[in-house]
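**Student:** predicted model and sequence below, questions to follow.
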Amino acid sequence: MTNATPPSPCGCDEVPPGTLTVEQARERILSLITPVAEHRRVELMDALGSVLAEAVISPVDVPPHRNSAMDGYAVRSADLPATGTARFTVVGTSWAGRPWTGTVAEGQCVRIMTGAEVPSGADTVIMQEHAEREGDAIVIASGHQPGQNVRQPGEDIRRGEVVLEPGQRLRPAELALLASLGVPEVAVHRKPKVAFFSTGDELVAPGGELGPGQIYDSNRYAIYGMLATLGVEILDLGVIPDTREAVEQAFQAAASQADAIVTSGGVSVGDADYVKETLDRLGEVDFWKIAMKPGKPLAFGKVAGAWFFGLPGNPVSTLVTFYQFAQPALRRLMGQNVGEPLTIRVPCAEPLKKRPGRTDFQRGILERDASGRLTVRSVGQQASHILSGMSRANCFIILPRESGGVDAGTEVDVQPFEGILCP
């Protein structure tokens, strides 16, 4: 006699009662997470990767004055020839940072460099390629427009305009924008502290000697890499021995230091370790089944005030569930505005196998075919322990719960790693 669940007669993946969809699980988590309350002011060079806690209002117009978009000659539009040519006397040069301080009169022009202030009297810039220099004069033909190649004050940003909203993560472009406004420092959220550790006597650190039944601890390094890329403050508590006392001490130490805790393994029904037992005693944690593949089990809740994310133990499941649930939650904890992950629709280059019942996050390779069109193909084996496939992949192929296998040429949803693995 066996207790094994027989195969589903409909050919579907079995979905137990109470199972959450991916969307339901993500929504429940995000509805509870709020940003860390502590703010601090930092100089721009120290702000990269941080999240704004306050709106930034421009103290100046950008650009602050009329300036030239080209190297050329500043002239009066009233002197532009309607037909034929016109001759202008060059009376000076306006450099970026060293403007010409005179006034351009009728029949005059000023040599001007890109970014230099347009002098009084002039309102139009002729590209140097469109002017013929003759000693201290230039000759231009007709066909020019009044105001061409001149940037107006406030054309990019007006004084008093909100240029960055709270929740904006500061990337190089934002640092440059703030610097262009003359803003020397900004208010940002404190970066959350995230503790993580592995449990299990079967785990050995890379470089160690494997004993019978032991494996190298890969998940801890995956979690470290994902947290480091995210930009949180990391607390690595190492590998915890598989004893009740050690597991409890690890959770207590993590909760006393961190805003969030991330672990892998010990969240499935029937797991023979002390993680669930300790969580039941110290925290308020739900153990969910999610209609997804890989990564069905997920634990989420609080341990003594710290948010807890218990990821499944299979290596690929750890990665997939972190990106789909823990990462958006930690981004919100950082204060960042969190939207839906970027997905695009592209045709698959080959048939993909799937059974209805669970959302499938297959590992794929997004590439261009011979005609330059984007297509996606599978990395091959999709088992949740195949890390080599995850390493080769550059995207998730997301096949919906109700979907079965798909034929070659069918358009599928693709989540590029550059859209979720990078901040």
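**Tutor:** Received the coordinates, thanks. Numbering: from 1, shown residues only.
**Student:** show me what whichever strand or helix holds residue 23 is packed against.
**Tutor:** Using DSSP states H and E, residue 23 falls within helix 22-32. With contacts taken as 3 or more C-beta pairs under 8 Å, 6 or more residues apart in numbering; DSSP states H and E, helix 22-32 sits against strand 297-303, helix 327-333. The C-beta positions use only the backbone N, C-alpha and C, and glycine is treated the same way.
**Student:** how far away is residue 402 from residue 277?
**Tutor:** Here residue 402 is placed at a distance of 37 Å from residue 277 (C-beta to C-beta, to the nearest Å).
**Student:** can you pick out the residue with more neighbours from these two?
**Tutor:** Using other C-beta atoms under 10 Å, the more surrounded residue of residue 402 and residue 277 is residue 277, with 13 against 10.
**Student:** quick revisit: how about the helices and strands packed on helix 22-32, which one is nearest residue 174?
**Tutor:** Nearest of the helices and strands packed on helix 22-32 to residue 174, taken as C-beta to C-beta: helix 327-333 at 15.8 Å.
**Student:** which outside residues touch the closest one?
**Tutor:** Helix 327-333 is contacted from outside by 26, 29-30, 33-36, 192, 194, 226-227, 230, 232, 259-260, 307, 309, 338, 341, 420, using C-beta atoms under 8 Å, 6 or more residues apart in numbering.
**Student:** any quick ChimeraX command for the buried ones out of these?
**Tutor:** This is the ChimeraX syntax for the buried subset of the contacts of helix 327-333, where burial follows 16 or more other C-beta atoms under 10 Å:
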select :26,29,33,35,36,192,194,226,227,230,232,259,260,307,309,338,341,420
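**Student:** which ones among the contacts of helix 327-333 are found in helices?
**Tutor:** Applying DSSP state H to the contacts of helix 327-333, the entries found in helices are 26, 29-30, 226-227, 230, 420.
**Student:** how far away is residue 49 from residue 206?
**Tutor:** Using C-beta to C-beta, residue 49 is found at 27 Å from residue 206.
**Student:** so which bits of stretch 347-361 are buried?
**Tutor:** Applying 16+ other C-beta under 10 Å to stretch 347-361 flags 348-349, 352, 354-361 as buried.
**Student:** what's the closest of these to residue 334?
**Tutor:** Nearest member of the buried residues of stretch 347-361 to residue 334, counting by C-beta to C-beta, is residue 361, at 23.7 Å.
**Student:** what pLDDT is listed against residue 202?
**Tutor:** If you check residue 202, the pLDDT there is 86.
**Student:** correct me if wrong: it contacts residue 217.
**Tutor:** No. Assessed by C-beta atoms under 8 Å, residue 202 is found out of contact with residue 217, at 9.1 Å.
**Student:** between these two, who's got more neighbours?
**Tutor:** Per other C-beta under 10 Å, whichever of residue 202 and residue 217 has more neighbours is residue 217, with 19 against 14.
**Student:** could you list every residue that touches the more buried one?
**Tutor:** Applying C-beta under 8 Å, 6+ apart to residue 217 gives the contacts 198, 203-206, 239.
**Student:** what's the most distant pair in those?
**Tutor:** Taking C-beta to C-beta as the measure, the contacts of residue 217 span a maximum distance of 12.2 Å, between 198 and 206.
**Student:** those two - which one has more neighbours?
**Tutor:** Each of residue 198 and residue 206 has its neighbours counted (other C-beta under 10 Å); residue 198 has more, 23 against 9.
**Student:** show the low-confidence segments of the chain, by residue range.
**Tutor:** By pLDDT under 70, the low-scoring segments of the chain are 1-14, 267-273, 419-423.
**Student:** let me see the domain layout of it.
**Tutor:** Under the assignment automatic domain parsing, the domains of the chain span 22-37+191-333, 41-59+162-189, 67-151, 344-420.
**Student:** redo the ones you listed as a markdown table? Include distance to residue 15.
**Tutor:** As requested, the domains of the chain are exported to a markdown table (distance: least, C-beta to C-beta, whole Å):
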| stretch | distance to residue 15 |
| --- | --- |
| domain 22-37+191-333 | 5 |
| domain 41-59+162-189 | 35 |
| domain 67-151 | 59 |
| domain 344-420 | 5 |
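**Student:** single out the most deeply packed of those domains.
**Tutor:** Sort the domains of the chain by mean neighbour count, taking mean count of other C-beta atoms under 10 Å, and domain 22-37+191-333 sits at the top with a mean of 19.
**Student:** how far does it stretch from one end to the other?
**Tutor:** 20 Å (C-alpha to C-alpha, to the nearest Å).
**Student:** kindly report the same for stretch 104-115.
**Tutor:** Distance across stretch 104-115, first residue to last, is 18 Å (C-alpha to C-alpha).
**Student:** kindly report the same for stretch 115-123.
**Tutor:** Stretch 115-123 has its terminal residues 14 Å apart, counting by C-alpha to C-alpha.
**Student:** and the contacts of stretch 371-388?
**Tutor:** With C-beta under 8 Å, 6+ apart, stretch 371-388 has contacts from 218, 293-295, 312, 314-317, 344, 346-350, 352, 362-369, 389-390, 392-393, 395, 397, 412, 414.
**Student:** can you check stretch 24-38 too?
**Tutor:** Contact with stretch 24-38 is made by 20, 51, 189-190, 192, 259, 288, 290, 298, 300, 307, 324-325, 328-329, 332-335, 338, as judged by C-beta under 8 Å, 6+ apart.
**Student:** quick one on the thing from earlier: tell me which entries of the contacts of stretch 371-388 lie within strands.
**Tutor:** Members of the contacts of stretch 371-388 lying in strands (criterion: DSSP state E): 293, 344, 346-347, 362-368, 395, 397, 412, 414.
**Student:** farthest pair in those residues?
**Tutor:** 293 and 368 (28.0 Å).
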